[in-house]
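**Student:** With the sequence up front, the predicted model follows.
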Amino acid sequence: MDRELLITAPEVVDSEMAFYPGPWSFGHLMEEAFGKSEAPTVVLRWLEEWASGRPAAAEDPALVTARPGVTSKIIESWKRADGYQVGPLAWSPRLENAPFRLLAIVNRMDLGRVPVEEAVRPAFGPWGGGSDSDVESLMGEGRLVFCTVDAQGRPLEGGLTVIFEYGLQGTTDQHRIDWALAWHQLGEMGDLDATYRASLAKVTRLFTDRVDADANHALGNGDRPRSPVERIPRKETTQLMRVRTNDGALGKIWEFREWHPDEEGFLKPAVLAGSPGEEFFERGSKPNRMLTRWLKREVSEIRTNPDPELRELPDAFELPHSFSANGESWKTATLVAVVPDNDAEAHWDGWGLSDSEVRRTLSMQTCCGCHCGDTGSVFFHVAPRKEGEPADLSPFLRTDGSRLRIRDPATGRGFVSTAMEDRVEMFRSFLSPDLRSSEIREMQVSRRLRVH
């Protein structure tokens, strides 16, 4: 688990490769995604729009709120590190001083979708992506997780993590096997030494780095077959799918946000597709009752489907954009998901909803359900850390092989969660050359039932 799926060892995340211009540094990732000369401008616009709540490219600007702590705790600190003096010259962030520390490198091949014609819906929550862009990546995702630090290198009080999420390129069963082999060879190395780190960097650069058109594939030597790393397809443009933040440091209310690269080469705020707005979490409120009634109808249609194979609940429900009743309307989609009352046991529960499996399915696809009550986590699955120490993992992502018993926050009943064991099972299956798409789908359904 800790060599191939969820890598948090200080020997890796505190190595020279995690510092600019290393391949795992914040600055390198931004330069590869947006271009070396453009990256500082992209970063500055991202931070300023996040702080002001006035993004130029927001899908719905009315859904964005200001987060002034971005200015006081990130921008001003970064300016001082750059030696910026107030004057006529505009500040251009120096990426070598970016206040972000690497926490983890994550293999999420388990998020891979079966071919589009066989896929049902994208997944959300801790085993899914939380965005409709997940259908773009049939091979799954690779992720790098950072925390934000102050001028002394300490994690910000309250904690703030930033996650870069990339689609793994590929369209065939052989591509899936090659990706699995590329990750799996890391676990066969004895130490987390320079050789391991160099091999890991070759894997991560397959999805973090763009390539030149005339250097898309390395050629094998003579008649010798190319390695899995050489066979994996590459893209000349960014493979970055989204950037997410989990923020308890920049304001009074804990919140989650998401950004997508846009056509103009910037990061734009994106709807958190699996999370309804805060008013839908107030049990018994009009929006909450509307969502509950809609959910019951959806579940009834699913469970009475003439096709037995379509009677299982989906990994997540595709929420309608809004609800209306008696002249009132509520937008379901939100660009900022908050944790009501900063409650570590926050979760979604519908008025009059007695089906705990249905409740949990919807709640787990929300940001606060996934990071709070429904997983027994306290806001972070990968927590901010001090230099030299490994990041603390939530019980939901433990890598010690122990069983986790979670208490359902709505019913009080306990059940065993096997989230990481299921990741291992699915990843191991990807190493099989005989694996069929239908078998992947069966494992995904089986996994969801165990998680819930």
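**Tutor:** Right, received. Where do you want to start?
**Student:** Only the buried residues of the helix ranked longest in the chain, if you could.
**Tutor:** Determined from DSSP state H, the single longest helix within the chain is helix 286-303. Within helix 286-303, the residues scored as buried using 16 or more other C-beta atoms under 10 Å are 286-296, 298-299. For the C-beta atoms, the positions are set from N, CA and C on the backbone; glycine is no exception.
**Student:** Likewise for stretch 306-313?
**Tutor:** Going by 16+ other C-beta under 10 Å, stretch 306-313 has these buried residues: L313.
**Student:** The longest helix of the chain: how far from the chain's middle?
**Tutor:** Mean-position distance between helix 286-303 and its chain equals 27 Å (C-alpha atoms, centre = their mean, to the nearest Å).
**Student:** Tell me the helix or strand right after that helix.
**Tutor:** strand 322-325 (DSSP states H and E).
**Student:** which helices and strands sit right next to the very next helix or strand once past that following strand?
**Tutor:** Next along the chain after strand 322-325, taking DSSP H and E as the criterion, comes strand 328-331. Secondary-structure packing of strand 328-331 (3 or more C-beta pairs under 8 Å, 6 or more residues apart in numbering; DSSP states H and E): helix 286-303, strand 322-325.
**Student:** Among these, which comes closest to S363?
**Tutor:** Closest to S363 of the helices and strands packed on strand 328-331 is helix 286-303 (C-beta to C-beta; 10.9 Å).
**Student:** Does anything pack onto the closest one? Which helices or strands?
**Tutor:** strand 322-325, strand 328-331, helix 356-364.
**Student:** got these as JSON lines, with mean neighbour count, mean pLDDT and distance to F430 columns?
**Tutor:** Shown next, in JSON lines, are these (neighbours: other C-beta atoms under 10 Å; pLDDT from 0 to 100; distance: least, C-beta to C-beta, whole Å):
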{"stretch": "strand 322-325", "mean neighbour count": "14", "mean pLDDT": "88", "distance to F430": "39"}
{"stretch": "strand 328-331", "mean neighbour count": "14", "mean pLDDT": "90", "distance to F430": "38"}
{"stretch": "helix 356-364", "mean neighbour count": "22", "mean pLDDT": "93", "distance to F430": "24"}
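**Student:** Now distance to F146 too, for these, in JSON lines please.
**Tutor:** Formatted as JSON lines, the helices and strands packed on helix 286-303 follow (distance: least, C-beta to C-beta, whole Å):
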{"stretch": "strand 322-325", "distance to F146": "34"}
{"stretch": "strand 328-331", "distance to F146": "31"}
{"stretch": "helix 356-364", "distance to F146": "24"}
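**Student:** And those: which comes nearest L250?
**Tutor:** The closest of those to L250 is strand 328-331. By C-beta to C-beta, the value is 23.6 Å.
**Student:** Can you add distance to A337 and give the helices and strands packed on strand 328-331 back as TSV?
**Tutor:** Converted to TSV, the helices and strands packed on strand 328-331 look like this (distance: least, C-beta to C-beta, whole Å):
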stretch	distance to A337
helix 286-303	15
strand 322-325	16
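**Student:** weakest of the ones you listed in terms of mean pLDDT?
**Tutor:** Lowest mean pLDDT within the helices and strands packed on strand 328-331: strand 322-325, a mean of 88.
**Student:** and that one, what does it pack onto?
**Tutor:** Using 3+ C-beta pairs under 8 Å, 6+ apart: strand 322-325 touches helix 286-303, strand 328-331.
**Student:** Run me through the strand neighbours of the last one, direction for each.
**Tutor:** It refers to strand 328-331. Paired strands of strand 328-331, with direction, are strand 322-325 (antiparallel) (DSSP bridges).
**Student:** which residues are contacting the strand it pairs with?
**Tutor:** Applying C-beta atoms under 8 Å, 6 or more residues apart in numbering, the external contacts of strand 322-325 come out as 286-287, 290-291, 294, 329-333.
**Student:** likewise stretch 172-180?
**Tutor:** The contact list for stretch 172-180 (C-beta under 8 Å, 6+ apart) reads 109, 112, 138-140, 168-170, 228-229, 231-233, 427, 430-433, 435-437.
**Student:** Filter the residues you listed down to just the ones in helices.
**Tutor:** 228-229, 231, 427, 430, 437.
**Student:** wait, doesn't L319 sit right on P276?
**Tutor:** Yes: the pair L319 / P276 is scored as a contact, 6.1 Å apart, by C-beta atoms under 8 Å.
**Student:** Common neighbours of the two, please.
**Tutor:** Listed as contacting both L319 and P276 by C-beta under 8 Å, 6+ apart are 291, 332-333.
**Student:** Name the SS class of R257, please.
**Tutor:** Classification of R257 by DSSP: H, G, I helix; E, B strand; the rest coil places it in strand.
**Student:** Also the one 3 residues further on?
**Tutor:** Here H260 is recorded as strand under three-state DSSP.
**Student:** Can you read off the backbone torsions of the nearest residue to it once chain neighbours are set aside?
**Tutor:** Counting by C-beta to C-beta, 6 or more residues apart in numbering, the nearest residue to H260 once its immediate chain neighbours are dropped is A270, at 4.4 Å. Torsion angles at A270 (phi, psi; degrees, to the nearest 10) stand at phi -130, psi 150.
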